[in-house]
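Undergrad: Here's a sequence, model it:
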Amino acid sequence: MTEKRTFSISELSSEFDVTTRSIRFYEDQGLLKPARRGQTRIFSTIDRVRLKLILRGKRMGFSLAETKELFDLWDQTLTGNEKQLLKMLTILNNKRAHMEQQKNDIAMAEMEIDTAESRCLEALTDLQEKKKQQASADNETKSVTEQN
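TA: Numbering: from 1, shown residues only. Below is the predicted model:
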């Protein structure tokens with residue numbers, strides 16, 4: 001079985017679960033370069049791979065500018081090079097550092113939520129206890145008044 005060599009925008013949209021508008025946006029940004037047959041876009045296997053890499057990069061937090069820069073470096077050599085690999089490593093290290101900061105921020109926020117929650121529960125318990133005491137005192141006053 002031979003692998004399909006060209007794809008329509010709707011085929012790629014369906015395969016990768018993205019809108020055709022997103023694909024056209026990636027094309028406008030210079031990330032995809034489909035051939036044209038009249039008004040019809042004809043996407044190659046390279047465009048398909050690039051779309052897959054764009055979406056993977058997006059999940060990893062890459063900006064479209066970072067993705068384009070990597071594609072441009074690749075296009076200069078057709079096989080990639082040391083410059084591209086070093087750039088990729090720099091981006092990955094920055095993403096990892098950013099994610100670590102986000103994890104620390106989330107942990108801090110969770111501790112603050114835990115503290116606020118326990119203070120609220122403590123205040124609620126105190127308030128409910130005071131209400132019980134007041135109700136008990138009101139009942140005693142009512143009993144004494146009724147007895148007189």
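Undergrad: Surely residue 62 is within a helix?
TA: No. Secondary structure of residue 62 (DSSP: H, G, I helix; E, B strand; the rest coil): coil, not part of a helix.
Undergrad: Number of residues surrounding it?
TA: By other Cβ atoms under 10 Å, the residues close to residue 62 number 20. Placement of C-beta: from N, CA and C, glycine included.
Undergrad: residues in contact with it?
TA: 91, 95 (Cβ atoms under 8 Å, 6 or more residues apart in numbering).
Undergrad: measure it to residue 106 for me?
TA: 21 Å (Cβ to Cβ, to the nearest Å).
Undergrad: For residue 100, grab phi and psi.
TA: Main-chain dihedrals, residue 100, degrees, to the nearest 10: phi -60, psi -40.
Undergrad: burial of it, as a residue count?
TA: Counted with other Cβ under 10 Å, residues neighbouring residue 100 total 10.
Undergrad: cool, and residue 118?
TA: 10.
Undergrad: likewise residue 95?
TA: A count of nearby residues for residue 95, using other Cβ under 10 Å, gives 15.
Undergrad: and if you look at residue 70?
TA: By other Cβ under 10 Å, neighbour count at residue 70 equals 19.
Undergrad: which residues does it contact?
TA: 57, 84, 87, 88, 91.
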